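> Need coordinates for the following:
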Amino acid sequence: MPEGRRLFPKLTVEENLLLGAFRPTARRDMGRNLDFCYEMFDRLKERRRQLAGSMSGGEQQMLALARALMSAPRILLVDEPSVGLAPILVSRTIDTIKALKEKYHLTVLMAEQNFNQAIRIADRGYVIVHGRIAFEGKSAAELNNNDLIRKFYLGL
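Coordinates of the predicted model:
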């Protein structure tokens with residue numbers, strides 16, 4: 001799921017979703033995956049004929065996540081899901097990713113600068129400073145109780 005959503009604004013919600021089913025296995029299960037996405041994101045089902053570019057930022061983020069799920073992934077790569085969203089929408093997006101991770105046993109690799117949101121779903125994390133890994137936390141507790149993280153992300 002790319003940063004900035006990168007939708008096709010002149011295509012409908014459903015057309016954007018169908019473009020996500022590019023893998024052969026995903027094409028075989030396109031109908032089931034589409035139903036799954038509409039179940040996870042009922043707002044998208046309501047707006048399936050709406051142009052993606054005319055949706056709100058939060059709705060576009062839902063669409064970008066659903067489009068990624070259309071490929072029936074085992075691993076979900078998410079780049080900065082909080083960019084450009086209101087705080088309540090950031091929280092909802094993270095909650096959705098967490099639910100998908102837990103319910104469908106997805107591996108999630110997420111790049112996120114919003115530490116407080118990222119820690120909510122992290123099993124492990126890395127702090128990268130100037131292109132190098134400065135700290136590796138093997139649990140949420142280890143990440144939450146680190147002086148380097150407090151310095152860089154929490155301003156303490």
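> Tell me where the model's unsure across this protein.
Flagging of the chain using pLDDT under 70 yields the residue ranges 1-5, 152-156.
> any chance you could map the strands in it?
75-79, 107-111, 125-129, 132-137 (DSSP state E).
> Same list (these) but as CSV, adding mean neighbour count and distance to residue 6.
C-beta: built from backbone N, CA, C; applies to glycine. Shown next, in CSV, are those (neighbours: other C-beta atoms under 10 Å; distance: least, C-beta to C-beta, whole Å):
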stretch, mean neighbour count, distance to residue 6
strand 75-79, 15, 10
strand 107-111, 14, 15
strand 125-129, 14, 23
strand 132-137, 13, 27
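> Next, the buried residues of the longest helix along the chain.
Using DSSP state H, we find that the single longest helix of the chain is helix 87-104. Under the neighbour-count criterion of 16 or more other C-beta atoms under 10 Å, helix 87-104 has 89, 90, 91, 93, 94, 96, 97, 100, 101 buried.
> one step back: switch the strands of the chain over to TSV; also include distance to residue 15.
Listed next are these as TSV, based on distance: least, C-beta to C-beta, whole Å:
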stretch	distance to residue 15
strand 75-79	22
strand 107-111	26
strand 125-129	36
strand 132-137	40
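> Tell me which of the ones you listed sits nearest to residue 85.
For residue 85, the closest of the strands of the chain is strand 75-79, at 13.0 Å, according to C-beta to C-beta.
> What helices and strands are in contact with that closest one?
Judged by 3 or more C-beta pairs under 8 Å, 6 or more residues apart in numbering; DSSP states H and E, strand 75-79 is in contact with helix 57-69, helix 87-104, strand 107-111.
> List of residues touching the first one?
Contacts of helix 57-69 with the rest of the structure, by C-beta atoms under 8 Å, 6 or more residues apart in numbering, involve 1-2, 5-7, 13, 16-17, 19-20, 33, 36-37, 40-41, 43-44, 47, 52, 55, 76, 78, 81, 84-86, 89, 92-93, 96-97, 100.
> what comes up buried for it?
Going by neighbour count (16+ other C-beta under 10 Å), the buried part of helix 57-69 is 58, 59, 60, 61, 62, 63, 64, 65, 66, 67, 68, 69.
> Alpha carbons only: can I get that helix in CSV?
This file holds the C-alpha atoms of helix 57-69, laid out as CSV (Å, rounded to 0.1, in the frame of the first residue of the first chain):
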residue,chain,number,x,y,z
GLY,A,57,-8.8,11.4,2.4
GLY,A,58,-10.0,8.8,4.8
GLU,A,59,-12.2,7.1,2.2
GLN,A,60,-9.2,7.1,-0.2
GLN,A,61,-7.0,5.5,2.4
MET,A,62,-9.7,2.8,2.9
LEU,A,63,-9.7,2.3,-0.8
ALA,A,64,-5.9,2.0,-1.0
LEU,A,65,-5.9,-0.6,1.8
ALA,A,66,-8.7,-2.5,0.2
ARG,A,67,-7.0,-2.4,-3.2
ALA,A,68,-3.9,-3.9,-1.6
LEU,A,69,-6.1,-6.7,0.0
